[in-house]
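1. Fold the following.
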Amino acid sequence: MKKNNIVVLVVLASLIAVCIGYSRGWAQASMQITPAKVGVVNVDLVLKNSRKHAQWQKRMNAEEASFKAEVAKLEAEMDAILADMKTRKAGSPDHMKLMEEGMTKNAAVDSKRKFYDRKMMLEVQNWTEKLYNEIRSIVEKTAKARGLDIVLSADEIDFPAADVRDLLTIIKTNKVLYHSSRIDITEEVLAQLDSAL
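-> Model prediction:
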């Protein structure tokens, strides 16, 4: 009888050990990382083809044309002052008054140019940051909807490059050398970006 009890206990202990080992193995297997589902987006293409970006660019071009017209008007006034100065005797009160007026206008033009350049740089930076964050948000939503784990930027390289430094920068930053078109979500991202227009 003792022998039978020992055999039963050994069998039970073996079954328990097998069950515990199986459950641990199952838990470890389920914790292993599965291959990531990948998508790609050509951000450069999204920017080039975005109607939203085109509208912003059109507004900036109109602002630039307005600025250039204003500067051209001031430059024409400066040219008129210089021409009038040539008709006056150098050092005369009229000549000196015109010289002061011309130098004041010249300083105003220089100041306007510097201000405009700085303003445009900040506007481009702010717009680029805003648009890029919007693109990232759309990419995240699209990726989640498609069940993607990661989305890479896969921009195209235009050859020949204008400068060898540009080429080296492009090569260093472009990490996707090949991708199948079936994982490209560029068109979806572009459609969602422009859908609010």
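
2. so what does the lengthiest helix in the chain touch, helix or strand wise?
-> What stands out as the longest helix in the chain, according to DSSP state H, is helix 93-146. When contacts are defined as 3 or more C-beta pairs under 8 Å, 6 or more residues apart in numbering; DSSP states H and E, helix 93-146 packs onto strand 38-41, helix 43-49, helix 51-86, strand 150-153, helix 186-194. C-betas here are computed from N, CA, C, even on glycine.

3. Identify the residue nearest the geometric centre of the protein.
-> residue 132 (4.1 Å; C-alpha atoms, centre = their mean).

4. need the contact list for the closest residue to it other than its chain neighbours.
-> Sequence neighbours aside, residue 43 is the residue nearest to residue 132 in space, at 7.7 Å (criterion: C-beta to C-beta, 6 or more residues apart in numbering). Shown in contact with residue 43 (C-beta atoms under 8 Å, 6 or more residues apart in numbering): 132, 135, 153, 155.

5. any chance of the residues you listed in TSV, with pLDDT and distance to residue 143 too?
-> As requested, those are exported to TSV (pLDDT from 0 to 100; distance: C-beta to C-beta, whole Å):
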residue	pLDDT	distance to residue 143
132	92	16
135	94	12
153	88	13
155	78	18
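
6. Which one of these is nearest to residue 52?
-> Within those, the smallest distance to residue 52 is 10.1 Å, found for residue 135 (C-beta to C-beta).

7. That closest one: neighbour count?
-> Residues lying near residue 135 (other C-beta atoms under 10 Å) number 21.

8. pretty sure it is touching residue 190, no?
-> No: Residue 135 lies out of contact with residue 190 (C-beta atoms under 8 Å); the separation is 9.1 Å.
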